[in-house]
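[1] sequence and predicted structure are below.
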Amino acid sequence: MRVLLVMGTSAGGVGAHVRGMARLLTGAGHHVVVACPTEAAERFDLAEHATTVPLEVTDRPHPVRDARAVRDLAEPIRGADVVHAHGLRAGAVAVLAGARGGVPLVTTLHNAAPTGRVTGTVYAGLERVVARGSAVVLGVSADLVERMRHLGARRTGLAVVPAPPFAEPARDRYAVHAELGIDARTALAVVLARLAPQKGLDLLLDAHRDLADLDLLTVVAGDGPLREPLQRRVDAEGLPVRLLGRRDDVPDLLAAADVVVSSALWEGQPVGLQEALHAGAAIVATDVGGTAAVVGDAAVLVPGGDPVSLSRGIRDVVTHGGVRDDLRSKAVERAAHLPTEDEALAAALDAYRDAGAG
């Protein structure tokens, strides 16, 4: 099957997912082309698993650039048996580019649409375009699926977004503590998050106001546009939080963690929490989007946007070994039920068949 994957600008999960799907589809004998911005192709090394063609779909609507993207995508679509767009913007461009071609389109929505008076109106229009122009719309959380169904999508379903294969840690807790320059008795909270508004990191910093009495260091592995303002706030308030930037030793951090924290305002199928479950970590997370569906009972879930509840959850896990051990046992059990890469491939191929691809 000739599969055209389409994506826009990405600095995190969408790009990693598209790279994984390109690898799986190619490994299964399909011919894969990825249409995406040149920067994204390079960042995720997409050429390793697929033919890439440049397509400038940015993170914000722009009439001139978007019209050019629609025109540029028309030719790759004509050479495909199925188109699989990832993200609302990419989906809308794919709908318009393939409107008369008859090539089936599957769109996967990875994020909730932005809100706001002007931005929200624009993205609501894009949602309607995708819902009505895609043969199948998949969402990474049930709320996204229900939204598309409400807008008239013909076929909908829950996307399968697996974590990358689990890697064993290379160092133990004591080595990680030594690298961080903290005592072995200091509790370590680990956050895996892009430094972006959706991840609710200001909420995390708010929660630390009620944790000042604990011997606790929180480290955030990830980078993004909010790094400078977050660092200024950490410095100004003297918070025990370190922004580590992008790390290639996430398994080591997870193995050393007393608690893994997610303060997100919205999530789909958070890969970072899937990794934490595979590592057998104790988790405290905001109950937003698809988080509960991923972690099940293997986490302390607190209301989204509530720093007091978040701090209480963290305190409970850090100060009570029994709670921590129970969560770790549940994490190992839950990890056994998380989706695998084989299941993700099978789900994608099912969606292509449902869309009408041969």
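    Thanks, I have the structure now. Numbering: from 1, shown residues only.
[2] every contact and neighbour count from this point should use C-alpha atoms.
    OK.
[3] quick one: distance of the helix or strand bottoming out on mean pLDDT in the chain to the chain centre.
    Within the chain, no helix or strand scores below helix 117-133, which has a mean of 89 by mean pLDDT, DSSP states H and E. Put simply, helix 117-133 sits 21 Å off its chain's centre (Cα atoms, centre = their mean, to the nearest Å).
[4] give the buried residues for it.
    Neighbour-count burial for helix 117-133, counted by 16 or more other Cα atoms under 10 Å, picks out 122-123, 126-133.
[5] in the very next helix or strand once past that helix, what counts as buried?
    For helix 117-133, the following helix or strand on the C-terminal side (DSSP states H and E) is strand 136-139. Across strand 136-139, burial judged by 16+ other Cα under 10 Å covers 136-139.
[6] what does stretch 303-319 give?
    Neighbour counts over stretch 303-319 (16+ other Cα under 10 Å) mark 304-318 as buried.
[7] mind putting the buried residues of strand 136-139 into JSON lines with pLDDT?
    Formatted as JSON lines, the buried residues of strand 136-139 follow (pLDDT from 0 to 100):
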{"residue": "136", "pLDDT": "98"}
{"residue": "137", "pLDDT": "98"}
{"residue": "138", "pLDDT": "98"}
{"residue": "139", "pLDDT": "97"}
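[8] ok, so of the residues you listed, who is nearest residue 189?
    Nearest to residue 189 among the buried residues of strand 136-139 is residue 139, at 30.1 Å by Cα to Cα.
[9] returning to what we had before: which residues does the least confident helix or strand of the chain contact?
    The contact list for helix 117-133 (Cα atoms under 8 Å, 6 or more residues apart in numbering) reads 88-89, 91-92, 95, 99, 105, 107, 113-115, 137, 148-149, 151-154.
[10] repeat the analysis, applying 7 Å as the threshold.
    With Cα atoms under 7 Å, 6 or more residues apart in numbering as the test, helix 117-133 has contacts from 88, 91-92, 95, 113-114, 137, 148, 151-153.
[11] over to stretch 281-297?
    The contact list for stretch 281-297 (Cα under 7 Å, 6+ apart) reads 141-143, 254, 258-270, 299-304, 313-314, 324, 327-328, 331, 334.
[12] name the residues of stretch 55-69 that are buried.
    Buried residues in stretch 55-69 (16+ other Cα under 10 Å): 55-58, 66, 69.
[13] what of stretch 179-187?
    182, 187.
[14] enumerate every residue touching residue 44.
    So residue 44 contacts 15-16, 19 (Cα under 7 Å, 6+ apart).
[15] all strands for the chain, in order.
    Remark: strands assigned in the chain by DSSP state E are 2-7, 31-36, 51-54, 82-86, 105-109, 136-139, 156-158, 187-192, 216-221, 241-245, 259-262, 283-286, 300-302.
[16] so which of the buried residues of stretch 303-319 are in helices?
    Secondary structure from DSSP state H places 307-318 of the buried residues of stretch 303-319 in helices.
[17] ok, back up a step: CSV for the buried residues of strand 136-139, including distance to residue 227?
    Below are those laid out as CSV (distance: Cα to Cα, whole Å):
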residue, distance to residue 227
136, 37
137, 33
138, 31
139, 29
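[18] farthest-separated two in those residues?
    The two members of the buried residues of strand 136-139 with the most space between them (Cα to Cα) are 136 and 139, at 10.1 Å.
[19] if we can go back for a sec, and the contacts of residue 44, which is the shakiest by pLDDT?
    Across those, the smallest pLDDT goes to residue 16, namely 91.
[20] apart from its chain neighbours, what residue comes closest to that residue?
    Nearest residue to residue 16, sequence neighbours excluded (Cα to Cα, 6 or more residues apart in numbering): residue 44, at 6.7 Å.
[21] kindly report the same for residue 52.
    Sequence neighbours aside, residue 34 is the residue nearest to residue 52 in space, at 4.8 Å (criterion: Cα to Cα, 6+ apart).
[22] surely the one you found and residue 50 touch.
    Yes - using Cα atoms under 7 Å, residue 34 makes contact with residue 50 at a distance of 6.5 Å.
[23] more neighbours, these two?
    Using other Cα atoms under 10 Å as the criterion, residue 34 and residue 50 rank with residue 34 on top: 27 against 23.
[24] would you list the phi and psi of the residue nearest to residue 178 when sequence neighbours are not counted?
    In space, and not counting its chain neighbours, residue 178 is closest to residue 184: 7.9 Å by Cα to Cα, 6+ apart. Backbone torsions of residue 184, given as degrees, to the nearest 10, read phi -60, psi -20.
[25] how near is the residue nearest to residue 16 to residue 101?
    Here the criterion is Cα to Cα, to the nearest Å. By it, residue 44 lies 29 Å from residue 101.
[26] try residue 320
    Residue 320 sits 60 Å away from residue 101 when distances are taken as Cα to Cα.
[27] what's the answer for residue 164, then?
    For residue 164, the distance to residue 101 equals 35 Å [Cα to Cα].
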